[in-house]
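Visitor: Give me coordinates for this.
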Amino acid sequence: MSQPELLRELQLPQAHLSAASALVRVAERLFVVADDELHLGLFDLGDPAPGRLVRLFEGSLPAEKKARKAAKPDLEALALLPAMADFAQGALLALGSGSTPDRQRGVLLGLTEQAVPRLIDLAPLYRPLHAQFADLNIEGGFLLGDEFLLLQRGNQGQASNAAVRYAWPALRDWLLGTGEAPAPHAIQRLELGELQGVALGFTDGAALADGRWLFSAVAENTADSYNDGACLGAVIGLVEADGQVRRLAQLAWRWKVEGIALAADGNLLLVTDADDPQVAASLLRLPLVL
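Guide: Next comes the predicted model:
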């Protein structure tokens, strides 16, 4: 068992983020999406002061839990993209899970202070994936060399975990409106194992410079992509360049880790989903030996 260090709770000036679902680090800035928000959370890694919200979608969500769950965009993946047309300093790509028709929305957001969110209809991108996965649930996305990977999360209902691979130039052109939605050139199904008899499912991923990539996964006792279940634990793993899965660490306590990012010092940063709107998500740090 590995015990992460608690760095802080994800507090905001008037509230907190609860259901943190993905994490990107840009220098000392931490960008966090939460699956029940219309905003992006922005925090300073070296400053414990409350963070702030950056609006991604117009409107508001119901306060009541069941209604909010039905209406939320379910942003589960956040990726850092390099400089490209219209985004000279790079951009963030936030992606809905695709688990319902209303959760097929995404956002491109430049890294400049006054950047305006650009909404993306993910239905054309996800349509071929619905044919591959009866219970689509995209939980991570990241650039790996000249490929872009989406992580499909499995569950106790026998839905499989997979890395869906796209050629980055084709996906980039589609995001910028200059090409068609690309089909994946490969779908790699991966066995992650289980904890206490409950299947592990992807929750996020992060690329390494040598072609390998890290992932977080949790054992959540649910049979589908919509309903929550008890979290029995989380692991951090590594996928080698040849596709082999290696488990690096099982985390102590029942942290529901939903987002990961590499820190500048080589440690791993993690954010959690409290599964309770009254409880703030946590930012953790975990030393890793690769």
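Visitor: Have a look at this structure and report its longest helix.
Guide: In the chain, assigned by DSSP state H, the helix with the most residues is helix 123-132.
Visitor: now it, how far from the chain's geometric center?
Guide: Centroid displacement of helix 123-132 relative to its chain, using CA atoms, centre = their mean, to the nearest Å, is 18 Å.
Visitor: next one: stretch 246-259
Guide: Mean C-alpha position of stretch 246-259 versus that of the full chain (CA atoms, centre = their mean) differs by 15 Å.
Visitor: Compute the first-to-last residue distance for it.
Guide: 19 Å (CA to CA, to the nearest Å).
Visitor: now swap in stretch 176-189 and tell me
Guide: Terminal residues of stretch 176-189 are spaced 29 Å apart (CA to CA).
Visitor: average pLDDT across it?
Guide: For stretch 176-189, the mean pLDDT works out to 97.
Visitor: contacts for that stretch?
Guide: Applying CB atoms under 8 Å, 6 or more residues apart in numbering, the contact partners of stretch 176-189 are 84-86, 124-125, 127-129, 132, 150, 160-167, 170-171, 173-174, 243. Bear in mind the C-beta positions are built from the backbone N, C-alpha and C, glycine included.
Visitor: got it, and stretch 61-72?
Guide: With contact meaning CB under 8 Å, 6+ apart, stretch 61-72 is reached by 35, 36, 37, 38, 102, 103, 277.
Visitor: What are the buried residues along that stretch?
Guide: Applying a neighbour-count criterion of 16 or more other CB atoms under 10 Å, one finds 61, 69, 71, 72 buried in stretch 61-72.
Visitor: among these, which are in helices?
Guide: With helices identified by DSSP H, the entries of the buried residues of stretch 61-72 that belong to them are 69, 71.
Visitor: I'd like to know which of the buried residues of stretch 61-72 is nearest to residue 267.
Guide: The nearest member of the buried residues of stretch 61-72 to residue 267, counting by CB to CB, is residue 72 at 30.9 Å.
Visitor: so residue 207 sits right up against residue 141, yeah?
Guide: No. Applying CB atoms under 8 Å as the test, residue 207 and residue 141 come out as separate, 10.6 Å apart.
Visitor: Between the two, which is the more surrounded one?
Guide: Regarding residue 207 and residue 141, a neighbour count based on other CB atoms under 10 Å identifies residue 141 as having more, with 25 against 18.
Visitor: From residue 245, how far off is the nearest residue to residue 53 once chain neighbours are set aside?
Guide: Counting by CB to CB, 6 or more residues apart in numbering, residue 39 is the residue found nearest to residue 53 once chain neighbours are left out, at 4.0 Å. When distance is defined by CB to CB, to the nearest Å, residue 39 is 34 Å away from residue 245.
Visitor: what are the ranges of the strands in the stretch 51-200 of the chain?
Guide: Listed in chain order, the strands of the stretch 51-200 of the chain (DSSP state E, counting those that start in this stretch) span residues 52-55, 75-81, 91-96, 105-110, 118-121, 138-144, 147-152, 161-167, 186-190, 194-195, 198-207.
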